[in-house]
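Asks: fold the following for me, if possible:
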Amino acid sequence: MVEGGLDEVFKALGHPTRRAMLADLAGRERSVGQLGEPFAISFAAASKHVQVLEREDDAS
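Replies: Numbering: from 1, shown residues only. Take a look at the predicted model:
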């Protein structure tokens, strides 16, 4: 992985909401709405967090 790639990974994992979403996904499949529920955030906000995580998955 190139240095720029590491920057993106750390940026994605640097947000506590995204880390919690990943922990939740490690145990089971969840919808975007379900991922956002514990944080009382909108579907749009949860979707943006998921998009950041998906970009990292696509880059690897």
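
Asks: can you give me the offset of whichever helix in the chain runs longest from its chain's centre?
Replies: The helix that spans the most residues within the chain, counting by DSSP state H, is helix 43-59. Chain-centre distance of helix 43-59: 5 Å, with Cα atoms, centre = their mean, to the nearest Å.

Asks: quick one: mean pLDDT for that helix?
Replies: Helix 43-59 shows a mean pLDDT of 85.

Asks: contacts for it, please.
Replies: Contact with helix 43-59 is made by 5, 8-9, 11-12, 15, 17-18, 21-22, 32-33, 35-36, 39, as judged by Cβ atoms under 8 Å, 6 or more residues apart in numbering. Where C-beta positions appear, they are placed from N, C-alpha and C, glycine not excepted.

Asks: now do 7 Å
Replies: 5, 8-9, 12, 17-18, 21-22, 32-33, 35-36 (Cβ atoms under 7 Å, 6 or more residues apart in numbering).

Asks: same question for stretch 29-38.
Replies: Counting by Cβ under 7 Å, 6+ apart, 21, 24, 43, 45-47, 50 sit against stretch 29-38.

Asks: okay, buried residues for it please.
Replies: Using 16 or more other Cβ atoms under 10 Å as the burial criterion, the residues of stretch 29-38 that qualify are 32, 35-36.

Asks: first-to-last residue distance for it?
Replies: Stretch 29-38 has an end-to-end distance of 15 Å (Cα to Cα, to the nearest Å).

Asks: cool, stretch 29-49 as well?
Replies: End-to-end span of stretch 29-49 (Cα to Cα): 16 Å.

Asks: next one: that stretch to chain centre, how far?
Replies: Relative to the chain's own centre, stretch 29-49 is displaced by 10 Å; criterion: Cα atoms, centre = their mean.

Asks: what is the mean pLDDT for stretch 26-33?
Replies: For stretch 26-33, mean pLDDT rounds to 94.

Asks: now, the buried residues of stretch 29-38 that are in helices?
Replies: Using DSSP H, the subset of these located in helices is 32, 35-36.

Asks: any chance of these in JSON lines, plus distance to residue 54?
Replies: Formatted as JSON lines, those follow (distance: Cβ to Cβ, whole Å):
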{"residue": "32", "distance to residue 54": "11"}
{"residue": "35", "distance to residue 54": "12"}
{"residue": "36", "distance to residue 54": "15"}
